[in-house]
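Give the three-dimensional model of this entry:
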Amino acid sequence: MSAKAEHYDVIRKPVITEKATMASENGAVVFEVSIDANKPQIKEAVEALFGVKVKAVNTTITKGKTKRFRGQMGKRKDVKKAYVMLEEGNTIDVSTGL
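Residues are numbered from 1 along each chain as shown. Reported below is the predicted structural model:
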């Protein structure tokens, strides 16, 4: 498996929400990442895929909600998000595709 494929396993997709948009105004980009990815792996993947310098990575794990589906109780998956702070002068446009 190539190194680029491994980076795509770490970073799943960008998160585009109101909160993520507010974070982008302060130089942060929000990604949904693999639940077992750690901060150095996330930093390396973002730098390799987008060609930018990363200043810091903050992560958060949101526990999946319990929901009812067709009368049966089910559980959504846990989601890990990474708030990636970029160095000055670096930008990533998440509105375009990867």
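
host element of the residue nearest the centre of the chain?
For the chain, the residue nearest the mean C-alpha position is residue 31 (1.7 Å; CA atoms, centre = their mean). Take DSSP states H and E as the rule and residue 31 turns out to sit in strand 28-33.

Got phi/psi on the closest residue to residue 33 other than its chain neighbours?
Nearest non-adjacent residue to residue 33, counting by CB to CB, 6 or more residues apart in numbering: residue 82, 4.7 Å away. (Glycine included, C-beta is placed from N, CA and C.) When read as degrees, to the nearest 10, the backbone of residue 82 gives phi -120, psi 120.

ok, now the one 5 residues further on?
Backbone geometry at residue 87, expressed as degrees, to the nearest 10, gives phi -70, psi 160.

Tell me the predicted confidence for residue 41.
Listed pLDDT for residue 41 reads 92.

err, residue 94, not the other one
Residue 94 is given a pLDDT of 68.

on contacts alone, who are the packing partners of the longest helix seen in the chain?
Secondary structure of the chain per DSSP state H: the longest helix is helix 39-50. The contact analysis (3 or more CB pairs under 8 Å, 6 or more residues apart in numbering; DSSP states H and E) places helix 39-50 against helix 3-10, strand 11-14, strand 28-33, strand 54-62, strand 79-86.

Just name the most buried of those.
strand 28-33 (a mean of 21; mean count of other CB atoms under 10 Å).

Give me the sheet partners of that strand and which way each runs.
strand 11-14 (antiparallel), strand 79-86 (antiparallel) (DSSP bridges).

and the shortest one, average pLDDT?
Think strand 11-14. 90.

Can you tell me how far the residue nearest to the centre of the chain is from residue 68?
30 Å (CB to CB, to the nearest Å).

before we move on, what about residue 15?
Residue 15 is 25 Å from residue 68, by CB to CB.
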